[in-house]
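Chemist: I would like to see how this sequence folds:
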Amino acid sequence: MKKTQFSKLKLGAAPLVLSVALASAPAHAQDTGASDGGEATIIVTGSRIARPNLDSNSPVAVVSGDATVENADVTLDTFLNTLPQVNPAGTTTSNNPGNGGQSNINLRGLGSNRNLVLINGRRPMVSASDQTVDLNTIPQGLIERIEIVTGGAGAAYGADAVAGVVNLILKDDFEGIDLRASYSNSIPETDAREYQISGIIGGNFADGRGNIALSAEYSKRQGLIKAQRDFASQATSTTGSFPTGTFVNSATNPISQAAVNTLFASYGVAAGQIPSTGQLGFNSDGSLFGRGSFNSPVDVANFRYELDSPANPNLLFFPDFYSYNFDIVNILVLPLERKSAFVTANYEINPAFDVFVQGGYTNYNSATALAPTPVSTGIVNTGNTTASVLNARSPLVAPGGRITGFVVPVTNPFVSADLRSLLNTRVGDDPNLTGVGAAEGVRIGYRFLGTGLREQQLENEVLQGLVGLRGEFAPGWRYEAYYSWGETTIDQRATGNVNVQRVQELLEAPDGGVSLCDGGFNPFGIQPFSQDCVDYVDEVGVTQTVFTQKVAQAYVSGELADLPGGPLGVVFGVEQRKFRYEFDPGSLFGPIAGFNTSTPDLGTNKFLDFFGELRAPIMDTLELSLTARHSKSDFNDIANGIDGAPSKDWSYGGTITWSPIDEVRLRASYQRSVRAPNFNELFSGGGSFPQIFDPCSINSNFRQSGGTAAADLCRNTPLGGGVSDGNINTFVPSPGAQAFITTTGNANLKPEKSDAFTVGAVFQAAGFTGSIDYYNIKIKDTILNPDVNEIIASCYGYNDVNPNLDPTNPFCQGIGRSGDAMTGIYLPASLGGDANGYFQFVNAGSVKTSGVDVQLGYRLPTPFINEDSGLNFNLLVNYLIDFKNVGLGGVKTDYAGTASYFGAGLGTSFPRWKATLNTKLNITRELSFDTRVRFIDSMENRAARQYVGEEFTGPGSTFYFDFAMQAEVDAMTFRIGLNNAFDRKPETYSPNVQSGTDPSLYDVIGRRAYVSARLKF
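Modeler: Modelled structure (predicted):
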């Protein structure tokens, strides 16, 4: 069979491609048999057309299966996150990441729900309501290679392939035994242990017409808490919820400042350090302390706890002001224990009937942990029958009133004499409480140490099976049909929750709750809390989530005619996908503080797709390919009786490649893709507390340069009254302030649409093999999740949305304040808010990103060392040109070159430059040395793009160096190495994602040593 210029280039590059960990764009591809001409027919990710040469018309990065475990990574995402095309998102080092310890991949930073994970080109079982695949469920040892298409592939593979496809190709026709073990730990701390044991056994039968392979793995990862790393041991944000308890002063029935002055003078506090009525906390001896005020002359006063006591003051701010250091007990690295097994088999009855099956089982346990529960649950009057059952009830709350936190009757025996002296000065009336003056209840804030950490123990169990038939039914014509079924069950046990209703019962009991549990409950200071009382108020939540997926697909491929460059190849196929999502909240529904309470969910969605492909080799040097897919989707919220409107969409694309000379191949592609809305967007939603910047701080550039107009806008924020006149010229919010926002599902959402364009070249010259590709991806009609800081910035004129600083501007209408501080965002109807100010997901806005990928490989023979010796180089570089987001109200921001912060979403740090250089020196065939150098560019803080003119810190540039040595002795392979060999600490900046940094992007563990051994025969 005649070789084209395509195959000359590709086949000439193949030896180098196979020698490096991550291949250049000449993609090593899947063997599927032999053609009549004797060449291997292969399937390259992005197409289902079998082809006789190694080429790809779209940018494809290829990772060998061995590379994913060479550095002793026990989860796939740990390795894949080192690739420049990937934005690390909810990883093992993101405390409380929201994905329950799962392992996801996020291409181009567009979200893990906007790329598609496949096994051998087929969809594996999903593990989340956003229909993402948990990479923990895929056997590392059975992976032959991973092909990553990052130019969009929706027409070829359907919904979710907006950013691209990660196709995991499993070993085919495996024969023999492959055993592997690895162990790693940090140095010198030795506190981040990971180990993995795996094995594969397989063989042929029936004279080679059949093959079966079985893989089994066991992995374990030791968890770390933030106290084990100095940079993470102190929270960089603050909280107003303390284990000491805090007094909540009423604006309409306040205590007397004169009485506070007298009381604190009796403690020996100087006149200039006496706190205001709104800055009081409780000592354990019945006295009160002043909490201090950030960046003011008034510091913490009469604080009678040791610095290492359970009061745990945050030493980044103390004694300027008191904030509880909630981070010290939070998890830095999530623990993991995983057991998995996977089987794959095929049997060729004859060339027309080849039966194939695969099945997998994964069970793994993980955990998250947060500081003890802060209580912000609502409480309404006992007779209120219309308020949500998520509120507690109390006769101390007035009819129609509502408070958050707790309310204590003045008759409570634990009210100290010092506190009572202040309460007796009240002469007003709080409309939210029953009674007047000194007889009203006492409002307090409280964080429960007694019930321990808020912990989630998660058990994920994933079953998946597939059976199919394929073969050649006519010369040049093949078919494939398969059916797959999968089920994911996630059992969660959440501890450390507090039943607010029961706590109120203790507080309202005449004896302080002694008759209800041993010792009762004293909320004034850090006091003993018996196990009997813990059992009384503790609420363990046991929830279960079940996902079911069924996929049926069939297609035929063949050759219609001969063109000058080869046969005209076509594919026609049909696919049906059905998903079911069910969530049972168990007893964790009601007035519970701790983990979010939830309502039961039950929903389904299904898709029916018809797709086709055409490959036309117009000439020896010119080829055109086209793809198209028609999708019909239907969604149903069974729990609430809502049927979503059916949607019909087209996705399509094309590629063209031209080789003007043997050494160069030019290529370009276009893809129109769609992403269907997921269960969470359709039916659920949820609340969050993102970190914010408050422009009303007297220290802000907004206030310093805005004059009277800026001050007036801060005074006149509609919700909560704005910043008070008395504080307008002194107000400085606490660092790391957060504001609440709630989103709700929308069953009428339509699919997102994206356009992806790539243009590039593959080349081989002077011993170099490489590629350079420009990509441009734009997503329209995005399912919008509003950015709180974009809303705030728009109100205060940073985005030219409200240049006249008009308090009636819709963005300002949504900002709520309490006690001067910004506390929540409640959007008006003009910005998509409902009657409660909650935002309903809508199709609005857009996201656009573009950049350049470069991959370069080179092999330098070193015969002066040994005739088999050689030095291999492989360089991967990504340059990000832009990452433009159009958000709520049409606000436009380019986030390229920025580092993210808490609440903006994981995986939203976008360095301009990322690079990975792999080198391998083969001393002999049996002995080699490896080096991996990773580079992350310096970044501006994301907040600086939103609040132009304000000052924030950003991370500097970072290099990581990894070294390894590998030796082969007969059937054994031994490997020893160091990751982050120079113990580079993570870049810290403010505001940040978590732990003072972005723990998904930067290494938070430090230097890690590992050893591994492999026996293969």
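Chemist: What ranges does the stretch 701-850 of the chain have for its helices?
Modeler: Remark: helices assigned in the stretch 701-850 of the chain by DSSP state H, counting those that start in this stretch are 701-715, 788-795, 810-813.
Chemist: Deepest in the core, which of those is it.
Modeler: Per residue and on average, the most neighbours among the helices of the stretch 701-850 of the chain fall to helix 788-795, with a mean of 26 (mean count of other C-beta atoms under 10 Å). Placement of C-beta: from N, CA and C, glycine included.
Chemist: What ranges does this protein have for its helices?
Modeler: For the chain, applying DSSP state H gives helices covering 5-17, 67-70, 76-80, 154-157, 257-266, 417-423, 500-508, 531-537, 679, 701-715, 788-795, 810-813, 942-946.
Chemist: which non-adjacent residue is nearest residue 293?
Modeler: Leaving aside its sequence neighbours, residue 293 sits nearest to residue 321 (C-beta to C-beta, 6 or more residues apart in numbering; 5.8 Å).
Chemist: returning to what we had before: name the stretch among the helices of the chain that sits most buried.
Modeler: The most buried one of the helices of the chain (mean count of other C-beta under 10 Å) is helix 154-157, showing a mean of 28.
Chemist: contacts for it?
Modeler: The contact list for helix 154-157, computed with C-beta atoms under 8 Å, 6 or more residues apart in numbering, reads 46-48, 116, 118, 121, 160-162, 165, 611, 613, 627-629, 651-653, 671-675, 754.
Chemist: Just the ones of these in strands?
Modeler: Of the contacts of helix 154-157, the ones assigned to strands by DSSP state E are 116, 118, 165, 611, 613, 627-629, 651-653, 671-675, 754.
Chemist: Now for the closest residue in space to residue 360 that isn't next to it in sequence: which residues touch it?
Modeler: Excluding its sequence neighbours, the residue lying closest to residue 360 (C-beta to C-beta, 6+ apart) is residue 342, at 4.3 Å. Neighbour list for residue 342: 138-139, 142, 214-216, 358-361 [criterion: C-beta under 8 Å, 6+ apart].
Chemist: and those as a markdown table, adding distance to residue 605?
Modeler: A markdown table is the format used below for the contacts of residue 342 (distance: C-beta to C-beta, whole Å):
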| residue | distance to residue 605 |
| --- | --- |
| 138 | 23 |
| 139 | 28 |
| 142 | 30 |
| 214 | 34 |
| 215 | 31 |
| 216 | 33 |
| 358 | 24 |
| 359 | 25 |
| 360 | 23 |
| 361 | 25 |
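Chemist: just checking, the residue nearest to residue 293 touches residue 300?
Modeler: Yes: Residue 321 lies in contact with residue 300 (C-beta atoms under 8 Å); the separation is 6.4 Å.
Chemist: what's the overlap in contacts for those two?
Modeler: Joint contacts of residue 321 and residue 300 (C-beta under 8 Å, 6+ apart) are 291-292.
Chemist: thinking again about what came up before, closest to residue 838 out of the contacts of residue 342?
Modeler: residue 138 (37.1 Å; C-beta to C-beta).
Chemist: Tell me, how many residues neighbour that closest one?
Modeler: Other residues lying near residue 138 total 26 when counted by other C-beta atoms under 10 Å.
Chemist: just the one 3 residues further on next, same as before
Modeler: Residues near residue 141, counting by other C-beta under 10 Å, number 24.
Chemist: Chain neighbours aside, what residue packs nearest to it?
Modeler: Spatial nearest neighbour of residue 141, chain neighbours left out: residue 198 (4.1 Å); criterion: C-beta to C-beta, 6+ apart.
Chemist: so that neighbour sits right up against residue 214, yeah?
Modeler: No: assessed by C-beta under 8 Å, residue 198 is found out of contact with residue 214, at 11.3 Å.
Chemist: Between these two, which has more neighbouring residues?
Modeler: Neighbour totals were compared for residue 198 and residue 214, and residue 198 leads with 22 against 17 (other C-beta under 10 Å).
Chemist: ok now do that one, which residues does it touch?
Modeler: If a contact means C-beta under 8 Å, 6+ apart, then residue 198 has 139-141, 179-181, 215-218 as its contacts.
Chemist: how about 10 Å then?
Modeler: Counting by C-beta atoms under 10 Å, 6 or more residues apart in numbering, residue 198 makes contact with 69, 74, 139-142, 178-182, 215-219, 340, 1014.
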